[in-house]
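J.: Next comes the sequence, and after it the predicted model I'd like to discuss.
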Amino acid sequence: MDDRLPPLTALRAFDAAARHLNFSRAADELNVTHGAVSHQMKALEAHLGVALFRREGRQMALTDAGRQLHEHVRDALQRLKRGVAALRARARGGGEVLTVTTTPAFATRWLVPRLADFQARHPAVEVNLRATSALSDFERDAVDLGVRYGPGAWPGLEAAKLLDEEIFPVCSPQFRGGALPTRVSELADLTLLRDPRQPWRDWFLSVGLDWPEPARGPVYDDAGMLLQAAGQGLGIALARGTLARAELAAGTLVRLFADSARSSFAYYIVHPPGARAAPKVALFCDWLASQAAAS
């Protein structure tokens, strides 16, 4: 029985190619050439004596053997990354490292102000926070868990609702020189700021308006920037109550109408299947839930 392992570089290239199902995108991730990835895959198939990929028209797919191998390679690389992170933490004299991803707006306006409480309760767990509007690849980026805003289902991840969200229109008190709209119908003629993650139509329907989603108006892909733009008088934003509290309290933003709506989206704790079996992940998930309940 030949139990020689293939080179780690080939297994990393295979993991990238299996995730992307595209050698060029795998090459971009690994900062090598397309030809290098193709050569490594041919050498890996020769070493194992099986085909790992097949062509389906113009698309690439994994064979049964390829899918089976990828499960093992993916899990092994994850364990390696976690092991290296733990070793680095111990070398610094610390405990375990927990990597959390979420959006910049949620990080700065909700999570970071509460993190001192978690660190006081669990000083042996070092929290690394990655704030990005892009969806992180948990396997590639060695992320333990995240908080995402959306419909509640993401392929390959387990999701548990953290917070529902209340939405309502806001603007600067100086918008239009202080002549703020007093009737919902006036919104049809005003600049509505847009956020791809928070459709206006949710709120329209809640006040009895069968209006379509606005097709015009500046788009901001970060909820924090959206609120800043509204505070600068650039238009009317559909605010998430969880994120807009500071501006409303300071008076830099004002609610336009009493009507609010429950968003069709919510905040969810997300992580790979089985990740909660790790004590550090379970601790942080339980802490997040307690903070949400208190807020």
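T.: Cool, got the structure. Residues are numbered from 1 along each chain as shown.
J.: pull the CA atoms of stretch 71-85 into PDB?
T.: Taking Å, rounded to 0.1, in the frame of the first residue of the first chain, the C-alpha atoms of stretch 71-85 are listed here in PDB:
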ATOM      1  CA  GLU A  71     -13.900  16.900   2.100                       C
ATOM      2  CA  HIS A  72     -10.700  15.400   3.700                       C
ATOM      3  CA  VAL A  73      -8.400  18.100   2.300                       C
ATOM      4  CA  ARG A  74     -10.700  21.000   3.400                       C
ATOM      5  CA  ASP A  75     -11.000  19.600   7.000                       C
ATOM      6  CA  ALA A  76      -7.200  19.000   7.200                       C
ATOM      7  CA  LEU A  77      -6.300  22.500   6.100                       C
ATOM      8  CA  GLN A  78      -8.800  24.000   8.500                       C
ATOM      9  CA  ARG A  79      -7.200  22.000  11.400                       C
ATOM     10  CA  LEU A  80      -3.800  23.100  10.300                       C
ATOM     11  CA  LYS A  81      -4.800  26.700  10.300                       C
ATOM     12  CA  ARG A  82      -6.400  26.500  13.700                       C
ATOM     13  CA  GLY A  83      -3.400  24.700  15.100                       C
ATOM     14  CA  VAL A  84      -1.000  27.300  13.800                       C
ATOM     15  CA  ALA A  85      -3.200  30.100  15.200                       C
END
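J.: Pull the residues that contact that stretch.
T.: Stretch 71-85 is contacted from outside by 11-12, 14-15, 18, 97, 99, 139, 142, 272, using CB atoms under 8 Å, 6 or more residues apart in numbering. (Each C-beta comes from the backbone N, C-alpha and C, glycine too.)
J.: mind listing which of the residues you listed are in helices?
T.: 11-12, 14-15, 18, 139 (DSSP state H).
J.: neighbour-wise, which of the residues you listed leads?
T.: When neighbours are counted by other CB atoms under 10 Å, residue 14 leads these with 26 neighbours.
J.: measure that one to residue 78 for me?
T.: 15 Å (CB to CB, to the nearest Å).
J.: cool, residue 249 as well?
T.: From residue 249 across to residue 78, the span is 42 Å (CB to CB).
J.: neighbour-wise, which of these two wins?
T.: residue 78 (17 against 9).
J.: Which strand or helix spans the more buried one?
T.: Assessed by DSSP states H and E, residue 78 sits inside helix 64-91.
J.: quick one: contacts for residue 102?
T.: Taking CB under 8 Å, 6+ apart, one finds 111, 129-131, 146-148 in contact with residue 102.
J.: swap the cut-off to 10 Å and go again
T.: 108, 110-112, 129-133, 136, 145-149, 267, 269-270 (CB atoms under 10 Å, 6 or more residues apart in numbering).
J.: Among those residues, name the buried ones.
T.: By neighbour count, with 16 or more other CB atoms under 10 Å, the contacts of residue 102 hold 108, 110-111, 131, 133, 136, 145-149, 267, 269-270 as buried.
J.: circling back to that earlier point, quick one: which of the contacts of residue 102 sit in strands?
T.: Among those, DSSP state E puts 129-131, 145-149, 267, 269-270 in strands.
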